[in-house]
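K.L.:
Generate a structure from the sequence data that follows.
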Amino acid sequence: MVFGILKDIKEGECRVICTPMEVRSIVAAGYEVWAQHDCGKLSGFSDEDYAAAGARIVESMEEMYAGCDMLAKVKEFQTPEFGLIRKDQILLGCIHPAAHPEEVDALLKSGCIAFTAEDAHRYGSPNCEAAGKAGALLGLESMMTVNGGKGKYVGGFAGAPGMNVLILGAGTVGQAALQVLHALGAKCTVMDINVGILRTLMNQYKGTIDTMFCNRETIASVLPQTDMVLNCVKWPKERKDFLIDKEMLKLMEPGSVLVDISNDDPGAIESSHETHFDDPRYVVNGVVHYCVSNIPSAVANSTSTAYAAEMLPMILSILNDGVAGCCEKDGFYRRSLTVYKGKLTHEETSAIQNRPWIRPEDVLGIAGKHLDPAPPATVTRSNLFYEK
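P.N.:
Residues are numbered from 1 along each chain as shown. Below you'll find the predicted structure:
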């Protein structure tokens, strides 16, 4: 089987899904590896590094799709790739299928097998940690006067107080942002709906942070004193309401900052829309918004190194055990199966896009076997199954 590492072509994307270190492991397992020309260049890994690790360097995306049995990349599959995808080809990437119906159409039409990597992480993705930590720093950059912010320094100076920061969501992203901002001296308030997590964080930070239950009313109560908000909430895509609407932004001082790290579409912030690194900020009701959708790409070398190491076991499981065996052994990999030979296998996408779906274990014929358990990837449920 030929495994291929694609060069990501999404605007502003600098990461790579496998570094030369992972290439060595895949080659050692007995597989041929193709690496698209310059796939790791922006992450700090040259074609020579990949060749030395045992990869064949392939010039074009077209050659990669024509010759590889399995292809992997970091982000979504883009329009120029749709017509290249082949029947029975295995694809792996952060597809985010519920938010990208055209991409789902192309995957279903091709007859390929595709996994969406963001649902495959048992312990949280390194991309989430990177998004939280880098997002915190980019928020501080946005606070600078020269970038339209009100010019407060995170930890303050002698005679000048530091920033008040509100972090919405205490998962991997929110905790990573908290770690950076607290260390730099910000006065941090963390909101979540899980009181257990809030209690753990209070103990971890020895009472030096504030915690509150997360809802619109508690948010509104602290916005007048808040200099920067970081949204780290994975908002259910079927919801039509918001944690922060445009009118609530008027509670904040002009020049305050909102960093939408989750950046879902639709998401928890009414005024949020996707931006890119070349023009990352805009202002709504006086509040500076930073809404780049792939923040981890700003620290591409570190993120790629961490992410590639976590993705290697999944890649090797697919190669060694086959799709069915991989999904039988690991429930998190099973729940990330998105399409299988023309059938949708992703529940959230079914619900959001009103498409019929089939459970991965049913389409793979492993429902009667002893399956590794995993919780659903999201709270969104769908009973719209294919007719038998």
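K.L.:
you'd agree V195 is up against F213?
P.N.:
Yes: V195 is within contact range of F213, at 7.2 Å (criterion: C-beta atoms under 8 Å). Using the backbone N, CA and C atoms, a C-beta is placed for each residue, glycine as well.
K.L.:
Which helix or strand lies directly C-terminal to the longest helix seen in the chain?
P.N.:
Longest helix of the chain, by residue count under DSSP state H: helix 300-329. Counting by DSSP states H and E, the next helix or strand C-terminal to helix 300-329 is helix 331-335.
K.L.:
where do the helices sit along the protein?
P.N.:
Using DSSP H, the helices of the chain run over 20-28, 47-53, 61-67, 79-82, 101-110, 126-143, 172-183, 195-204, 216-222, 300-329, 331-335, 347-353, 360-363.
K.L.:
which parts of the second one are buried?
P.N.:
Think helix 47-53. By neighbour count on 16 or more other C-beta atoms under 10 Å, the buried set for helix 47-53 is 47, 49-50, 53.
K.L.:
What is that helix packed up against?
P.N.:
In terms of contacts (3 or more C-beta pairs under 8 Å, 6 or more residues apart in numbering; DSSP states H and E), helix 47-53 is packed against helix 20-28, strand 32-36, strand 56-58.
K.L.:
So the chain: which segments form each domain?
P.N.:
Per automatic domain parsing, the domain ranges recorded for the chain read 2-119+299-363, 127-293.
K.L.:
Can I get the ones you listed in JSON lines including distance to A377 and mean pLDDT?
P.N.:
Converted to JSON lines, the domains of the chain look like this (distance: least, C-beta to C-beta, whole Å; pLDDT from 0 to 100):
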{"stretch": "domain 2-119+299-363", "distance to A377": "4", "mean pLDDT": "97"}
{"stretch": "domain 127-293", "distance to A377": "10", "mean pLDDT": "96"}
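K.L.:
okay, those domains in CSV with distance to Y386 next?
P.N.:
Shown next, in CSV, are the domains of the chain (distance: least, C-beta to C-beta, whole Å):
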stretch, distance to Y386
domain 2-119+299-363, 5
domain 127-293, 21
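K.L.:
Out of those domains, which gets nearest to N383?
P.N.:
Closest to N383 of the domains of the chain, according to C-beta to C-beta: domain 2-119+299-363, at 8.9 Å.
K.L.:
Distance check, M252 against N164.
P.N.:
10 Å (C-beta to C-beta, to the nearest Å).
K.L.:
What of A298?
P.N.:
Counting by C-beta to C-beta, the gap from A298 to N164 is 25 Å.
K.L.:
same deal with E238?
P.N.:
33 Å.
K.L.:
For those two, work out which one has more neighbours and name it.
P.N.:
The neighbour comparison of E238 against N164 (other C-beta atoms under 10 Å) goes to N164, with 18 against 14.
K.L.:
Identify the contacts common to M252 and N164.
P.N.:
Taking C-beta atoms under 8 Å, 6 or more residues apart in numbering as the contact rule, M252 and N164 both touch T226.
K.L.:
Kindly reformat the buried residues of helix 47-53 as a markdown table containing distance to L243.
P.N.:
Formatted as a markdown table, these follow (distance: C-beta to C-beta, whole Å):
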| residue | distance to L243 |
| --- | --- |
| D47 | 45 |
| D49 | 43 |
| Y50 | 43 |
| A53 | 45 |
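K.L.:
Span of stretch 330-344 from start to end?
P.N.:
End-to-end distance of stretch 330-344 (C-alpha to C-alpha, to the nearest Å): 19 Å.
K.L.:
And stretch 97-113, by the same measure?
P.N.:
13 Å.
K.L.:
what do you get for stretch 141-160?
P.N.:
Stretch 141-160: ends 18 Å apart by C-alpha to C-alpha.
K.L.:
okay, now the closest residue to M191 other than its chain neighbours: neighbour count?
P.N.:
Closest residue in space to M191, ignoring its immediate chain neighbours: C214 at 3.7 Å, by C-beta to C-beta, 6 or more residues apart in numbering. For C214, the neighbour count with other C-beta under 10 Å is 21.
K.L.:
before we move on, what about the one 3 residues further on?
P.N.:
Counted with other C-beta under 10 Å, the burial measure for E217 works out to 7 neighbours.
K.L.:
separation between it and L42?
P.N.:
Counting by C-beta to C-beta - E217 and L42 are separated by 44 Å.
K.L.:
which residues sit in contact with the nearest residue to G365 once chain neighbours are set aside?
P.N.:
Spatially, and ignoring its direct neighbours in sequence, G365 is nearest to A324 (7.0 Å; C-beta to C-beta, 6+ apart). Taking C-beta under 8 Å, 6+ apart, we find A324 in contact with 364-366.
K.L.:
same thing but at 10 Å, please
P.N.:
Listed by C-beta atoms under 10 Å, 6 or more residues apart in numbering, the contact partners of A324 are 334, 337, 340, 360-361, 363-366, 369.
K.L.:
try F213
P.N.:
With C-beta under 10 Å, 6+ apart, F213 has these contacts: 191-195, 198.
K.L.:
And the buried ones among those residues, selectable in ChimeraX?
P.N.:
Remark: buried members of those, expressed as a ChimeraX selection using 16+ other C-beta under 10 Å:
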select :191,192,198
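K.L.:
Same list, the contacts of F213, but as CSV with distance to V257 please.
P.N.:
Below are those laid out as CSV (distance: C-beta to C-beta, whole Å):
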residue, distance to V257
M191, 17
D192, 21
I193, 24
N194, 26
V195, 28
L198, 23
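K.L.:
Just the closest of the contacts of F213 to Q36, please.
P.N.:
Among these, and counting by C-beta to C-beta, the member closest to Q36 is D192, at 40.3 Å.
K.L.:
Quick one: distance of stretch 59-70 to the chain centre.
P.N.:
Centre-to-centre, stretch 59-70 and its host chain are 25 Å apart (C-alpha atoms, centre = their mean, to the nearest Å).
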